[in-house]
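[1] structure of the sequence below:
(chains A and B)
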Amino acid sequence: GAVVSQHPSWVICKSGTSVKIECRSLDFQATTMFWYRQFPKQSLMLMATSNEGSKATYEQGVEKDKFLINHASLTLSTLTVTSAHPEDSSFYICSARGGQGNEKLFFGSGTQLSVL
Amino acid sequence: SQKIEQNSEALNIQEGKTATLTCNYTNYSPAYLQWYRQDPGRGPVFLLLIRENEKEKRKERLKVTFDTTLKQSLFHITASQPADSATYLCASNSGGYQKVTFGTGTKLQVIP
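    Numbers count the residues shown, from 1 in each chain, chains lettered A, B, ... in the order given. Just a heads-up that it's a prediction; the model follows:
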């Protein structure tokens, strides 16, 4: 099956710094990737849809200047949390559809961000 | 507004029994429903997909149903094992076809 690799698995940073999370599709091309955020014991909340070669589409309430998404190639999307604050601490997960017309989502292993 | 919900936060079941999890949706008609498994600290893993014109799908010990009248999907694990303990999430397309939104999940605990 399709494999999505996400790095880093966890990161601890100081308040005010920026953190970049990478999401790669290893054995398929992903024209669309999705970024989710998950708080403890809660479900996945869709943050944005990342489209290769174009601007990301953000969900209502998600600050696009704070959560910068870049999808520069068919196998790589990045999420940068800018000027991170403790309230940004969360589990961030990326996913991609397993090929054109495939409704299944394949997920990365997630990134636990802790902002001190 | 569109909602997809899993009303049970947690379900405990004895090993060997059938676990049944429920997913309900309101104010929209999804083209399909999906079920995923999520282990702690990991990303979800796809299990099954059922389309609106299908009543039932099976895969090994897993079975999923889709009732468009009740606006509900049921997910069954037969002959449950302790290794089946995890959080199970239902999901559907929303906002058109491209986006996928998730229910809140049900944490299943299979007791030996």
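
[2] so which helix or strand takes in the closest residue to A:C23 other than its chain neighbours?
    What sits nearest to A:C23 in space, not counting adjacent residues and going by CB to CB, 6 or more residues apart in numbering or on different chains, is A:C94, at 3.4 Å. Yep, even glycine has a C-beta here, placed from its N, CA and C like the rest. For A:C94, the enclosing helix or strand under DSSP states H and E is strand A:90-97.

[3] retrieve the pLDDT associated with the single nearest residue of chain A relative to chain B.
    Residue nearest to chain B within chain A (CB to the nearest CB): A:F107, separated by 3.2 Å. At A:F107, the model reports a pLDDT of 94.

[4] does it touch A:V3 like I think?
    No: here A:F107 does not reach A:V3: they are 10.2 Å apart, not a contact under CB atoms under 8 Å.

[5] who's more crowded, the two?
    A:F107 (22 against 13; other CB atoms under 10 Å in any protein chain shown).

[6] so what's that one up against?
    A:V4, A:I93, A:C94, A:S95, B:G43, B:P44, B:V45 (CB atoms under 8 Å, 6 or more residues apart in numbering or on different chains).

[7] OK, contacts around the second one?
    When you say that, I think you mean A:I93. Neighbour list for A:I93: A:Q6, A:W35, A:Y36, A:R37, A:Q38, A:L44, A:F107, A:G108, A:G110, A:T111, B:G43, B:P44 [criterion: CB under 8 Å, 6+ apart].

[8] now A:A30: phi and psi?
    Main-chain torsions, A:A30, degrees, to the nearest 10: phi -120, psi 100.

[9] contact partners for it?
    Going by CB under 8 Å, 6+ apart, A:A30 touches A:V4, A:E52, A:L74, A:T75, A:S77, A:A96, A:R97.

[10] now the residue of chain A closest to chain B: closest residue in space that isn't a chain neighbour?
    B:G43 (3.2 Å).

[11] these two touch, right, that neighbour and A:Q112?
    No: counting by CB under 8 Å, B:G43 stays clear of A:Q112, with 11.7 Å between them.
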